[in-house]
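In: let me see the structure of the following:
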Amino acid sequence: MNKLLIILFLFSSGSITGWIIELFFRRYLDPVESKKKKWVNPGFFVGPYLPIYGSGLIILYLLGHISIPSLNATHPLLEKLVIFLIMAASMTFIEFVTGMIFINHFHLQLWDYSSYRGNIKGVICPLFSCFWYALAAFYYLVLHDKVLGALDWLSRNLAFSFFIGFFYGIFLLDVIYSLQLMVKIKALADEYQIVVKFTAYKSKLIDIREEAKERSYFFFSSRLSSISPREVFDRYRENFSAKNIVLKPIRKVAQKVKR
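Out: Presented below is the predicted three-dimensional model:
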C-alpha cells in the first residue's frame, strides 16, 4: 500500500483516538483537571483530534517493527522493556519539542505540567513519561497487530480512503481557523509580555460564558456575554499567564529615569 496513505491513515486514527483518551483522562484521572469535574475539549483545535497523538501513532508504528538481536536471543522480555522505553522516550521528545515550539514562537503553552514534580518548563514531567511508557507497552502488546490488520484491510478496500480525505478536508479548515485564533492570542501575549497557558485561558472563557448564562434574563444578556479577548486579558491574565517574556525597552528606560 502507498506509504503516504499509511501515514495519513495512522495520523488521522491516532489524532482522533488520542483526543478520546485525553477527554476521559482529564475528566476522571488527571490529578489536577479531574477536580474541576467538567468535560472540556482537550485540544487547541475545535474538532475532536490531537495531532500530537497522530504523530505519536506513526512513531509507535515505525518503532513497533524494530528488534534488538543481542537481547532477543537471550532476554526477549528485556528486549520488549527496552523497546517500550525507546517508544516512551520518543513520545516524550515529541511532546517536549512541540511544547517548546509553541511557547517560544507563539507564546502559547498548550498544556501545563508545572504542578507536577520533576517537570521541565511545564512541558514534560516524569509522571506523564510513565504514562507514555504504559501507552507504548499497550500499543506494542495489544494494538500493533490490530493496526497491521487495519492497514491490510485498507489496502484491499481503498474506497475507504474517501473518509480519510473527508477527515483531512475538515482538519484543514480547522487548522486555518485555529491558526487565526493563535495569531490573535499571540498578539495579545506579545502586548502583555506573557506566555499564555491555553488550558487555563480556555477554562476562564468557559467560566465567563457560564456566568453570562446565569446572569442572562429573557432578551437581556449580561456584560460578560460580550466580553472581548482584550478585556479577558485585562481582567484575568494573571489566571492564565505562565511567565513574563521580556520587558519592553521603553519600560527599561523609564526605570533608569526613575533612578
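In: ok, which stretches of the stretch 151-259 of the chain are strands?
Out: Applying DSSP state E, counting those that start in this stretch to the stretch 151-259 of the chain gives strands spanning 194-197, 241-244.
In: which one of the ones you listed is the most hemmed in?
Out: Among these, ranked by average contacts under mean count of other C-beta atoms under 10 Å, first place goes to strand 194-197 (a mean of 22). Heads up, the C-betas are built off the backbone N, CA and C, glycines and all.
In: for that one, packing partners?
Out: Judged by 3 or more C-beta pairs under 8 Å, 6 or more residues apart in numbering; DSSP states H and E, strand 194-197 is in contact with strand 108-109, helix 161-192, helix 229-240, strand 241-244.
In: what comes up buried for the third one?
Out: Going by neighbour count (16 or more other C-beta atoms under 10 Å), the buried part of helix 229-240 is V232, F233, Y236, R237, F240.
In: any chance of the residues you listed in CSV, plus pLDDT and distance to M182?
Out: Below are the buried residues of helix 229-240 laid out as CSV (pLDDT from 0 to 100; distance: C-beta to C-beta, whole Å):
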residue, pLDDT, distance to M182
V232, 87, 16
F233, 89, 15
Y236, 86, 19
R237, 86, 17
F240, 89, 15
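In: then stretch 181-192 to CSV, C-alphas only?
Out: C-alpha atoms of stretch 181-192 as CSV (Å, rounded to 0.1, in the frame of the first residue of the first chain):
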residue,chain,number,x,y,z
LEU,A,181,-7.1,32.4,16.7
MET,A,182,-3.5,31.6,17.6
VAL,A,183,-2.3,34.8,15.8
LYS,A,184,-4.8,36.9,17.9
ILE,A,185,-3.7,35.3,21.1
LYS,A,186,-0.1,35.7,20.3
ALA,A,187,-0.6,39.4,19.5
LEU,A,188,-2.2,39.9,22.9
ALA,A,189,0.5,37.8,24.6
ASP,A,190,3.2,39.9,23.0
GLU,A,191,1.5,43.1,24.1
TYR,A,192,1.1,42.0,27.7
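In: is it possible to get TSV of the helices and strands packed on strand 194-197 that adds distance to A134?
Out: Output for the helices and strands packed on strand 194-197, formatted as TSV (distance: least, C-beta to C-beta, whole Å):
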stretch	distance to A134
strand 108-109	25
helix 161-192	27
helix 229-240	30
strand 241-244	28
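In: nearest to S67, of these?
Out: With C-beta to C-beta as the criterion, S67 lies closest to helix 161-192 of the helices and strands packed on strand 194-197, at 29.8 Å.
In: the closest one to helix 229-240, inter-axis angle?
Out: With axes from the mean of the first three to the mean of the last three C-alpha atoms, to 10 degrees defining the directions, helix 161-192 sits at 90 degrees from helix 229-240.
In: and helix 161-192, what's buried?
Out: Using 16+ other C-beta under 10 Å as the test for burial, helix 161-192 gives I164, F167, F171, D174, M182, I185, K186, L188, A189, Y192.
In: packing partners of it?
Out: Secondary structure elements in contact with helix 161-192, counted by 3+ C-beta pairs under 8 Å, 6+ apart, are helix 3-24, helix 76-106, strand 108-109, strand 194-197, helix 229-240.
In: for L151, which of the ones you listed is the nearest?
Out: In terms of C-beta to C-beta, the element of those nearest to L151 is helix 3-24, at 6.1 Å.
In: count of residues packed around L110?
Out: Using other C-beta atoms under 10 Å, L110 has 21 neighbouring residues.
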